[in-house]
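S.K.: Below are the sequence and a predicted model; questions follow.
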Amino acid sequence: MDKELILEKIKAQREYLEINPMLDYKKRIEALKKLYKNIKNMTPEINDALKKDLNKGEVETYMVEIGMVLSEISYMIKHCRKFSRPKRVPTPLAQFPSSSYRLPCAYGIVLIISPWNYPFMLAIEPLVDAICAGNSVIIKPSEHSPNTSKVIERLIATTFDPGHVTTVLGAVEECTFLLDQDLDYIFYTGSTRVGEIVMKKAAEHFTPVTLEMGGKSPCVIDETANLALAAKRIVFGKLLNCGQTCVAPDYIYCDEKVKDELIYELKRQIILQYTTDPISNPEYPRMVNQKQYDAMRSFIKDDKLIFGGKCSDEKLKIEPTILNASFDDEVMKEEIFGPIIPIVTFKDIDEAIKNINSLTKPLAFYIFSSSKENQNKFIDRCPFGGGCINDTIVHIATSNMGFGGLKQSGIGAYHGKVGFETFTHYKSILNKKTWLDLPMRYQPYNKFKAFLIRLFLR
């Protein structure tokens, strides 16, 4: 690692911000339009890189990587001017005569640390929000998706002045060195374990952070659910990117009365969507590396196996696998991040809610039910980042709602307006007029001044 080169990049960004602070929203929109155009032009390269890194097919790549980014860019281009305006707010009568407003300002240099599971989307989508807010950005993509990281480096180099946006490739050493620098904002997506390290490093410089992590996101099925449709949508959400998705339904928690029928529907949907031989299916992704493959294989126990379980050491592929499970099993101790579907059952809803809440707070929550009462019970009483009623994953595919977790599953959120606000500091400004100066705040105090102060401040 060339530490001097990294320091030069940071210095270049500081200098860039001094002479070109990107206060003009028109410059931000121009940058976003150029990014949009270059992503479209480089789509074949992006597809090829994701195929090499994760065996993602073109349709899935567009749906969950390229298309998501283009949609976010389009949204930000449309709304950048509105988001960048000062926001007038009411002023207390005690401050008469004056006006008040909140002025959106960029933080400065933003460090984006992105993961390997959606290596393009999770690097570029927060970049879009940070650019719209007027920041300079350093992207540190994952070393575990090297082909995509190189494409990101080329995309950034052909789109932006390096003082505006740049990349730093490398692994733990490079990432640690970046975290040791006094930057202005850190945006991290990845595991909770590394998120803890990022937060400790940020605290040394009092640097604000957004942490997007994960957790065991439950998928609850009650006895009123449409099981055929539930199975169809669960299989889609769970097996997208072969389960290597932070918001994938981590485990199914179903009413014991519907377990057998649900298993039947899940088997049927796996075959319909991925054929009887998913390992040979060219559209079925693989585990990102040997470590991840070995971790997933370790969860498959013969005495728990309901369906699937076949693996290919050569291809690093594991077919969709359904397991019987309980909360004491190893597969329920940590986030799965693979095509393993444990099924746990409950007898009543209060018991289910208690067991869900005994685990760490998840990033996502899914409830399949035709009962409004049951939907509301789970949604109201279970803490989580975001989720769906009668679907999975698709709540993240909108720029009109923020996406993020809470506590162990994340701090802060992004997407759309929420993303702009994440990368923006709002200066609170009171503009006091000079033609009148109310005397009540000045000493010496008397009974009349005290009366006026109490009149205004209550």
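M.R.: Arrived safely. Numbering: from 1, shown residues only.
S.K.: Could I get the contacting residues of the residue lying closest to residue 27 once chain neighbours are set aside?
M.R.: Take residue 27 and drop its neighbours on the chain: the residue closest to it by C-beta to C-beta, 6 or more residues apart in numbering is residue 20, 7.9 Å away. In short, each C-beta sits where N, CA and C put it, glycine included. Contacts for residue 20 (C-beta atoms under 8 Å, 6 or more residues apart in numbering) come out as 27, 163, 164.
S.K.: and if you look at residue 113?
M.R.: 140, 175, 178, 186, 187, 188, 189, 190, 198.
S.K.: What residues sit buried inside the lowest-mean-pLDDT helix or strand in the chain?
M.R.: Within the chain, no helix or strand scores below helix 447-456, which has a mean of 89 by mean pLDDT, DSSP states H and E. Neighbour-count burial for helix 447-456 flags residue 449 (criterion: 16 or more other C-beta atoms under 10 Å).
S.K.: May I ask which two of the contacts of residue 113 are separated the most?
M.R.: 178 and 189 (14.9 Å; C-beta to C-beta).
S.K.: Looking at these two, which is more packed in?
M.R.: Per other C-beta atoms under 10 Å, whichever of residue 178 and residue 189 has more neighbours is residue 189, with 26 against 20.
S.K.: So among the contacts of residue 20, which ones count as buried?
M.R.: The neighbour count (16+ other C-beta under 10 Å) marks 163, 164 as buried among the contacts of residue 20.
S.K.: Now render the contacts of residue 20 as CSV, adding pLDDT.
M.R.: Shown next, in CSV, are the contacts of residue 20 (pLDDT from 0 to 100):
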residue, pLDDT
27, 92
163, 94
164, 95
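S.K.: mind listing which of the contacts of residue 20 are in helices?
M.R.: Among those, DSSP state H puts residue 27 in helices.
S.K.: Tell me the secondary structure of residue 216, please.
M.R.: Using DSSP: H, G, I helix; E, B strand; the rest coil, the structure places residue 216 in coil.
S.K.: Look up how far residue 144 lies from it.
M.R.: Counting by C-beta to C-beta, to the nearest Å, the gap from residue 216 to residue 144 is 22 Å.
S.K.: The two: which is more packed in?
M.R.: Applying other C-beta under 10 Å to residue 216 and residue 144 shows that residue 216 carries more neighbours, namely 22 against 18.
S.K.: Tell me how many other residues crowd the nearest residue to residue 75 once chain neighbours are set aside.
M.R.: Leaving out its chain neighbours, the residue that sits closest to residue 75 by C-beta to C-beta, 6+ apart is residue 399, at 3.9 Å. Neighbour count of residue 399, defined by other C-beta under 10 Å: 24.
S.K.: ok, now residue 61?
M.R.: 24.
S.K.: can you check residue 63 too?
M.R.: 14.
S.K.: What score does it have for pLDDT?
M.R.: At residue 63, the model reports a pLDDT of 95.
S.K.: So it lies in a helix, does it not?
M.R.: Yes: under three-state DSSP, residue 63 falls within a helix.
S.K.: tell me which element residue 219 is part of?
M.R.: In the assignment (DSSP states H and E), residue 219 maps to strand 218-221.
S.K.: List the contacts of that strand.
M.R.: 227, 230, 234, 238, 249-255, 258, 262, 352, 356, 362, 365-369, 378, 382, 392.
S.K.: So which of those sit within strands?
M.R.: With DSSP state E as the criterion, strands contain 251, 252, 253, 254, 255, 365, 366, 367, 368 from among the contacts of strand 218-221.
S.K.: Tell me the one of those residues nearest residue 388?
M.R.: Nearest to residue 388 among the ones in strands among the contacts of strand 218-221, with distances taken as C-beta to C-beta, is residue 366, at 5.4 Å.
S.K.: so what's the closest one bridging to?
M.R.: residue 219, residue 388 (DSSP bridges).
S.K.: contacting residues for it?
M.R.: Going by C-beta under 8 Å, 6+ apart, the list of residues near residue 366 reads 217, 218, 219, 220, 234, 237, 249, 387, 388, 391, 392.
S.K.: Kindly check the end-to-end length of stretch 303-323 for me.
M.R.: 9 Å (C-alpha to C-alpha, to the nearest Å).
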